[in-house]
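1. Give me a model of this one.
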Amino acid sequence: MIDRANGGSALSSRLDDREMTEIRDAVTALLRRPLLTFEAAPVEFPKVRRHQTSLKEWFAEELGYRLIVDSEFARLLKVPPPVTGANRVLTTPSGAPFTSLHYALFCLVLAVLERSGDQTTLEAIAKDLQLRVAEIEGFFLDFDRAAHRRAFVQAVRTLVDLTVLRLLDGDEERFARGEKGGDALYRVEHRRRACLLSCGTSPSAAESPADLTREEYPPTAEGGTRRHRHRIMRMLVEEPVLYLEDLSEDERLYLRRQRSRVEDHLDRVCGLEIEVRAEGIVPVDVSGRAGAGSFPASGTVSHAALLLVEALCRRARGAGGSGEKAAGGPPRDAGFVPMSDTEAAVTLAELSEEYGKWWRADAREEGGAARLAAEALELLAAFRLVARREGGVVPLPAIARFVPTAPEAGPEREEER
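-> This next block holds a predicted model:
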């Protein structure tokens, strides 16, 4: 239940601890997986169904998101993150980000499925797709090309992962390899397909990509307040860091006045604690459930990113500062020279002699350091620890949380010495 007298949208204090825990579980599950099914979340999905009225009102009031709850799935219709979109990209099975061709094929497959029956085949989708592509000026698609076949299959497999398509028989891999007779049979989940795209304007009516995500608020004081609330709350639950410099003066004023209310929602409903610094706010997911990822994490890329953090902060200190201020200062400090991609690759190549034995095999191959550096910098940018500038990357304030420090010498250490 929503108690509008308490800040306009606070969840009622009359909910007992068990109900609040269930709502928090449902919220974090939906933020993590906006298309939620019972198969993917057998524990959380029933909680979404049970508390759907409160959840719909809370998401609409606090984030400006629409929630659709069906008997078999729940769909949280988000909008792009206020600052970065790195946490929303689709990826191939290898983890590589979708290219423009992948996204185009993904959308065209959805268009083809709109007119399909309850079942369809990979071959039928491919034939209908080619007919649609032939009508699009400047779009080139050739299934005789391995890269085009592979991108098509990856787009279809993504829809399988999203449970819009259910593989009943066959194997897409033979089609991807160009073998004759390669086909697969699918069941089409039309209700899920119909609500998959999230945009404020129908794609057919949009004159530009920006129109798809444009939101209209009433030109009133209340409309302005809602806009500020939605943008700030989205940044806090969707972005790794909220930097005050990303906010307008009106938004900063709203945050100062409503900070206790914001903190209450983040804590009670989202399971997030906040760390407040002079430069901004870091929402901390102490449960490990709310976000789609964490940093640092296990794996070669995360380890390489931590090594680059140390190198960047060492360079920042050399530019005329130390500690947290130095780590955050370079973007506004003319004395800091951005680290280029080449320098990052050289740094990791040098460190591979010491750490390479723990890295994945391709990172130690020729050109591996450059590829690893690119992935590590992309990861740091996704977590808003670095920013791209002309000539390379510079550290942002939150990077100071990951600066390695030497342990203080205790009695045992001194005795050893």
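
2. Report pLDDT for the residue nearest to residue 198 when sequence neighbours are not counted.
-> Sequence neighbours aside, residue 77 is the residue nearest to residue 198 in space, at 4.2 Å (criterion: Cβ to Cβ, 6 or more residues apart in numbering). Yep, even glycine has a C-beta here, placed from its N, CA and C like the rest. Note for residue 77: predicted pLDDT of 94.

3. Please renumber the chain so that the first residue is 45 from this point on.
-> In the new numbering, first residue 45, that becomes residue 121.

4. contacting residues for residue 121?
-> 78, 109-112, 239, 242 (Cβ atoms under 8 Å, 6 or more residues apart in numbering).

5. Just give the nearest non-adjacent residue to residue 445, would you?
-> Closest residue to residue 445 apart from its sequence neighbours, by Cβ to Cβ, 6+ apart: residue 326 at 7.2 Å.

6. what packs against the host helix or strand of the one you found?
-> Using DSSP states H and E, residue 326 falls within strand 324-328. If you count contacts as 3 or more Cβ pairs under 8 Å, 6 or more residues apart in numbering; DSSP states H and E, strand 324-328 packs onto helix 265-282, strand 286-287, strand 317-320.

7. at 6 Å instead, please
-> strand 286-287, strand 317-320 (3 or more Cβ pairs under 6 Å, 6 or more residues apart in numbering; DSSP states H and E).

8. ranking those by burial, who's on top?
-> Among these, strand 286-287 has the highest mean neighbour count (mean count of other Cβ atoms under 10 Å), at a mean of 23.

9. Quick check: mean pLDDT of it?
-> 92.

10. For stretch 164-177, the averaged confidence score.
-> 95.

11. Likewise for stretch 308-328?
-> 90.

12. how about that stretch: buried residues?
-> For stretch 308-328, burial by neighbour count (16 or more other Cβ atoms under 10 Å) applies to 309-310, 312-316, 318, 321, 323-327.

13. Check what contacts it and list those residues.
-> Under the contact criterion Cβ atoms under 6 Å, 6 or more residues apart in numbering, stretch 308-328 has outside partners 68, 71-72, 280-281, 285-288, 329-331, 334, 372, 441-442.

14. phi, psi of the residue nearest to residue 242?
-> phi -90, psi 100 (degrees, to the nearest 10).

15. Please, where are all the helices along the stretch 145-294 of the chain?
-> 166-178, 190-205, 216-220, 234-238, 253-257, 265-282, 293-301 (DSSP state H, counting those that start in this stretch).

16. Who does the residue nearest to residue 445 form a beta bridge with?
-> Under DSSP bridges, the beta-bridge partners of residue 326 are residue 319.

17. quick one on the thing from earlier: can the buried residues of stretch 308-328 go into TSV with extra columns for distance to residue 96?
-> Formatted as TSV, the buried residues of stretch 308-328 follow (distance: Cβ to Cβ, whole Å):
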residue	distance to residue 96
309	19
310	21
312	18
313	15
314	17
315	19
316	22
318	28
321	37
323	38
324	33
325	30
326	31
327	25
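
18. between the residues you listed, which is closest to residue 292?
-> Nearest to residue 292 among the buried residues of stretch 308-328 is residue 324, at 14.1 Å by Cβ to Cβ.

19. Do I have it right that residue 250 meets residue 256?
-> Yes. Here residue 250 reaches residue 256: they are 5.2 Å apart, a contact under Cβ atoms under 6 Å.

20. and the residue nearest to residue 242, how far is that from residue 251?
-> Separation of residue 121 from residue 251 (Cβ to Cβ, to the nearest Å): 21 Å.

21. One more: residue 341?
-> Residue 341 is 41 Å from residue 251, by Cβ to Cβ.

22. Please apply the same query to residue 74.
-> For residue 74, the distance to residue 251 - Cβ to Cβ - is 31 Å.

23. Kindly report the same for residue 133.
-> On the measure of Cβ to Cβ, residue 133 and residue 251 end up 24 Å apart.

24. Between the two, point out the one with more neighbours.
-> A count of neighbours by other Cβ atoms under 10 Å puts residue 133 above the other of residue 133 and residue 251, at 11 against 7.

25. Could you report the pLDDT at the closest residue in space to the more buried one that isn't next to it in sequence?
-> Nearest residue to residue 133 in three dimensions, chain neighbours excluded: residue 141, at 4.8 Å (Cβ to Cβ, 6+ apart). On the pLDDT scale, residue 141 is placed at 81.

26. Dig out what residue 141 forms beta bridges with.
-> Applying DSSP bridges, one finds that residue 141 bridges with residue 135.

27. burial of it, as a residue count?
-> Going by other Cβ under 10 Å, the residues that sit close to residue 141 add up to 12.

28. pretty sure it contacts residue 132?
-> No. The criterion here is Cβ under 6 Å, and residue 141 misses it with residue 132 at 10.6 Å.

29. And the closest residue to residue 387 other than its chain neighbours, how far from residue 355?
-> Distances taken as Cβ to Cβ, 6+ apart place residue 436 nearest to residue 387, at 7.0 Å, with adjacent residues excluded. Remark: distance between residue 436 and residue 355 (Cβ to Cβ) = 12 Å.

30. cool, residue 391 as well?
-> On the measure of Cβ to Cβ, residue 391 and residue 355 end up 5 Å apart.
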